[in-house]
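*Asks:* Below: sequence and its predicted model.
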Amino acid sequence: MPARTKDWLRQAKRDLDHAENDLQYEFYEWACFSAQQACEKAVKAVFFHLNADAWGHSITMLLKKLSDHFTIDESLINGAKNLDKFYIPPRYPNGFDIGTPEDYFTKEDAQGAINNAKEIIQFCESKIS
């Protein structure tokens with residue numbers, strides 16, 4: 001196993017913990033972004049495990065590229081599509097015409113993002129172990 005694979009997976013899990021803490025303290029926008037980051041890192045860990053290149057931030061596209069090596073369930077792709085929406089808007093006030101990200105992200109968004117992240121991270125971990 002390449003030397004950094006476990007580091008990337010470990011950080012992915014820590015980012016997921018961060019998302020869960022953000023949910024608890026009602027930082028819903030940050031919970032969504034942290035869940036996205038967790039998955040991006042977990043999927044990239046699988047690429048590193050395969051000694052393959054992983055470029056970009058789209059979890060959807062990264063998972064589709066992994067389908068050359070593994071069967072990727074459509075529910076994981078759909079979860080990735082949801083998470084990809086949380087890469088930029090939760091972080092920047094100009095992601096919306098008016099207001100700040102805090103005004104637009106809900107508890108349901110955060111919980112959904114965390115649930116999607118858990119499924120994708122579990123899938124990634126199963127391919128590395």
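*Replies:* That came through fine.

*Asks:* Surely residue 89 touches residue 101?
*Replies:* Yes: under the criterion of CB atoms under 8 Å, residue 89 makes contact with residue 101 at 6.3 Å. Yep, even glycine has a C-beta here, placed from its N, CA and C like the rest.

*Asks:* any residues in contact with both of these two?
*Replies:* 29, 95 (CB atoms under 8 Å, 6 or more residues apart in numbering).

*Asks:* Between the two, tell me which one has more neighbours.
*Replies:* residue 101 (21 against 17; other CB atoms under 10 Å).

*Asks:* so who does the nearest residue to that one once chain neighbours are set aside touch?
*Replies:* Of all residues not flanking residue 101 in the chain, residue 29 sits nearest, at 3.9 Å (CB to CB, 6 or more residues apart in numbering). By CB under 8 Å, 6+ apart, the contact list for residue 29 reads 89, 90, 91, 101, 102, 104, 105.

*Asks:* which one of these sits closest to residue 70?
*Replies:* residue 90 (28.8 Å; CB to CB).

*Asks:* so how far is residue 32 from that closest one?
*Replies:* 5 Å (CB to CB, to the nearest Å).
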